[in-house]
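**Q** Give me the fold of what follows.
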Amino acid sequence: MATSASSTTSQTSSASPRKRSPWLRRIILTFVTLVILLLILVLLAPTLLSTGPGTRWVVSMADGALPGKVEIDDLSLGWFSGQRIDGLRILDPQGQPVMALTSIDLPDFSLLAAATGSTKLGKVTIVHDKTNLVQYEDGTTNLSRSLPASDPNAPATALPSDLSLQLNASGGTATIQSPGQQPVTLTDLSVKTDIPDLRQIKGSLSAKATQAGRAGSVDMNADVRDLFDASGRMQVEKMTLDAAGKIASLPMAVVDSLAGG
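**A** Numbers count the residues shown, from 1 in each chain. I've put the predicted structure just below:
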C-alpha cells in the first residue's frame, strides 16, 4: 500500500505544469506594452501634430526643405476625418510675403487614405487672401525661388495615375509684377478645376483686373484631354484643348503680364 501511494504522488508531481521564468513574463509584458503604446502614438499622431508644438514641428520640417519659409496658424489632421490648414503663408528667401491663404480644406481625404496610397482627394477648397507674384528677367518668380528647385536634367516625374479632385479656389487679391510692365492687380478671383482622372481636366477662371488705372475682366473655361497618359506622364504633343471665354476691356499689357510676356 505504501508503495502504491508513493507511485501516485510521483505521477501527480510529474504531471504538474512547469512554471514560466519570471524573465520571460517580463519580456512578453514589455513587448505587449510597447506595441500598445506604439498603437496609441500612431492613433494620436494627428491630434499631436494639430497642437501648437506639433504644428511648429511640421513648419520647421517644411522650412528645412524650402529655400523660403512657411508659416501656419493652425493645422487639423485626422486618420478618419478630413484635413484642414488655416493661415498658410509662403515667404521668399528674404522673408518677404509671396502668398497667403486663409484656409485649405480637404474634407473627403483622410490620413488613412493617404497611408494606403490613395490620391483621390475629393473636394479641395482654398480661400485665397493675398498673392504678390514677381517675375524676374531670367523668367523665374519669387514663388519658384521660394520652393525647391527642380533638376532640369532629371526625368519628368509622373503624377499618380489615380489622382482625382474637385478644386474650388476663390477670394483675395493677387498682384503680378513683370519686367517693363506696370503691376497687374486681380480681384474677385475664382478658379475651379474638376479632374475625374488625369486624362480629362476641366477648369474655369474668372477675375477682375486693373493696371495703371484701366480695368477689365476675364472669364475663361477650358476642357483639356489627354495631357497625361494612363501612367500619369505628361504628353503635351497628344493634348487636345477646347477653350472659350470672354475678355472685357482688358488692356493688352494686362494680357502680356498674365502670360508672362
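**Q** Check what pLDDT the nearest residue to Ala113 once chain neighbours are set aside gets.
**A** For Ala113, ignoring the flanking residues on the chain, the nearest one in space by Cβ to Cβ, 6 or more residues apart in numbering is Lys120 at 7.2 Å. All C-beta spots, glycine's among them, are computed from the backbone N, C-alpha and C. Here, the pLDDT recorded for Lys120 equals 93.
**Q** Lys120 pairs with what?
**A** With DSSP bridges as the criterion, the beta-bridge partners of Lys120 are Ser164.
**Q** Report the contact partners of it.
**A** Phe109, Ala113, Asp162, Leu163, Ser164, Leu165 (Cβ atoms under 8 Å, 6 or more residues apart in numbering).
**Q** How much space separates the second one from Trp79?
**A** The one in question is Ala113. Separation of Ala113 from Trp79 (Cβ to Cβ, to the nearest Å) stands at 9 Å.
**Q** hmm, who's touching the helix or strand hosting Lys246?
**A** Per DSSP states H and E, Lys246 falls inside strand 240-248. Applying Cβ under 8 Å, 6+ apart, the set of residues contacting strand 240-248 from outside is 205, 216-226, 255.
**Q** Where does confidence bottom out across those residues?
**A** Val255 (58).
**Q** all helices of the protein, in order?
**A** Using DSSP state H, the helices found in the chain span residues 2-15, 22-49, 52-65, 111-115, 142-146, 252-259.
**Q** mind exporting the fifth one as PDB, just the C-alpha atoms?
**A** Taking only C-alpha atoms (Å, rounded to 0.1, in the frame of the first residue of the first chain), the coordinates of helix 142-146 have been written out as PDB:
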ATOM      1  CA  ASN A 142       9.700  84.900 -56.300                       C
ATOM      2  CA  LEU A 143       7.400  81.900 -55.800                       C
ATOM      3  CA  SER A 144       9.600  79.500 -57.800                       C
ATOM      4  CA  ARG A 145      12.600  80.800 -55.800                       C
ATOM      5  CA  SER A 146      10.800  80.000 -52.600                       C
END
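**Q** If you count contacts, what does that helix end up packed against?
**A** Using 3 or more Cβ pairs under 8 Å, 6 or more residues apart in numbering; DSSP states H and E as the contact criterion, the elements in contact with helix 142-146 are strand 83-91, strand 97-106, strand 120-134.
**Q** doesn't Pro107 make contact with Leu121?
**A** No: in this structure Leu121 lies outside contact range of Pro107 using Cβ atoms under 8 Å: 10.2 Å.
**Q** out of those two, which sits in the more crowded spot?
**A** A side-by-side neighbour count of Leu121 and Pro107, using other Cβ atoms under 10 Å, places Leu121 first with 18 against 13.
**Q** phi, psi of Asp162?
**A** Main-chain torsions, Asp162, degrees, to the nearest 10: phi -100, psi 20.
**Q** how about it, what does it touch?
**A** Taking Cβ under 8 Å, 6+ apart, one finds Ser118, Thr119, Lys120, Asp197 in contact with Asp162.
**Q** Look up how far Leu241 lies from the last one.
**A** Read it as Asp197. Between Asp197 and Leu241 the distance, using Cβ to Cβ, works out to 17 Å.
**Q** higher neighbour count, these two?
**A** Shown here are Asp197 and Leu241; by other Cβ under 10 Å, Asp197 has more neighbours (14 against 11).
**Q** how far away is the closest residue to the more buried one other than its chain neighbours from Gln200?
**A** Across the structure, with Cβ to Cβ, 6+ apart as the measure, the residue nearest Asp197 apart from its sequence neighbours is Ser164 (6.0 Å). Taking Cβ to Cβ as the criterion, Ser164 is separated from Gln200 by 10 Å.
**Q** Extract the residue ranges of the protein that are flagged as low pLDDT.
**A** Counting by pLDDT under 70, the chain shows low-confidence ranges at 1-50, 54, 151-154, 156, 250-261.
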